[in-house]
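S.K.: build me a structure from this.
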Amino acid sequence: MEELMKMKGTVAAEDFEADSTPVDVHVSATPYISTEQRYSNIINECNNMQKASSISKEDIGEIERQLHFLPKGSEMYEVCLFHLRTLKKKFPKTPAQMEEQLQPETKLVQLKHNRFIDAGRCGRKWVAEQLPGDTDDSNLVRLAEVKLDLLDELLNDLKKAEKTEEIIELYNQLDIHVPHNLKEMTADRWREDDTSSIRTLTHAVSRVERYIEEMKEKGITEETMDKELLDMIRVSKG
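M.R.: Next up, the predicted model:
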């Protein structure tokens, strides 16, 4: 058997000379901001903007950008979203925007769409805001029927709701605006109350507004109601 010879070898390589020329490197770092600190910053900005005589779209855009960093659906996110919606109401609507907003409602009333008319002021507004303004009458009526069906379904769900969280979620879906720190208490009142007579979204909104007024008369407001006080009241109610 032939023996294989093992031979040491070398590999030719070009001479390498390290480049000693200094390289201009810039290092930047973004400071870490905790979720709690970001939440606090957003609330402070919102409070300052509420007090300002005027705000710009850029200001609103920055709040919206910061909002994306908060956990969606969390209590902090919902509080900031509530403040953001309040700030947006400070923007005056242009004539074109007002016409676009009113156009579907005006059309449906002119078409004598009785079911839409009977939905009440809040119900008509809720439906109209979800309808396109640039469509023909027949399609507008068809889309309005779909939204009216959804409105009836949500109202029935609200009347039958037995859990506080479910009621609050339906508040949001129906655009029933309640100060954040009063949502749980109004939801508790709703659950305990007889809501069988409620037929329209306007009736539901009026009922919730009555709860809020009662709480204000007792000295419970968005500013005075904190989580600790809320827990105490809920415990005392058993």
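
S.K.: only C-alpha atoms from now on, for both contacts and neighbour counts.
M.R.: Noted.

S.K.: mind checking which helix or strand residue 72 is in?
M.R.: Assigned by DSSP states H and E, residue 72 falls within no helix or strand.

S.K.: next, count neighbours for residue 49.
M.R.: 17 (other Cα atoms under 10 Å).

S.K.: ditto for residue 185
M.R.: 17.

S.K.: same check on residue 190?
M.R.: 21.

S.K.: in contact with it, which residues?
M.R.: residue 208 (Cα atoms under 8 Å, 6 or more residues apart in numbering).

S.K.: make it 10 Å
M.R.: 158, 159, 161, 162, 164, 167, 184, 204, 207, 208, 211 (Cα atoms under 10 Å, 6 or more residues apart in numbering).

S.K.: could you list the domains of the chain?
M.R.: According to automatic domain parsing, the chain comprises the domains 35-88, 95-160, 162-238.

S.K.: rebuild these as TSV, extending it with mean pLDDT.
M.R.: Formatted as TSV, the domains of the chain follow (pLDDT from 0 to 100):
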stretch	mean pLDDT
domain 35-88	86
domain 95-160	86
domain 162-238	80
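
S.K.: hmm, back to that, now which of the contacts of residue 190 would you call buried?
M.R.: 158, 159, 161, 164, 167, 184, 204, 207, 208, 211 (16 or more other Cα atoms under 10 Å).

S.K.: so which of the residues you listed sit within strands?
M.R.: With strands taken from DSSP state E, there is no overlap with these.

S.K.: wait, which of those is closest to residue 116?
M.R.: residue 204 (16.8 Å; Cα to Cα).

S.K.: name the nearest residue to that closest one, sequence neighbours excluded.
M.R.: residue 198 (6.3 Å; Cα to Cα, 6 or more residues apart in numbering).

S.K.: wait, that neighbour touches residue 152, no?
M.R.: No: using Cα atoms under 10 Å, residue 198 is not in contact with residue 152; the gap is 11.3 Å.
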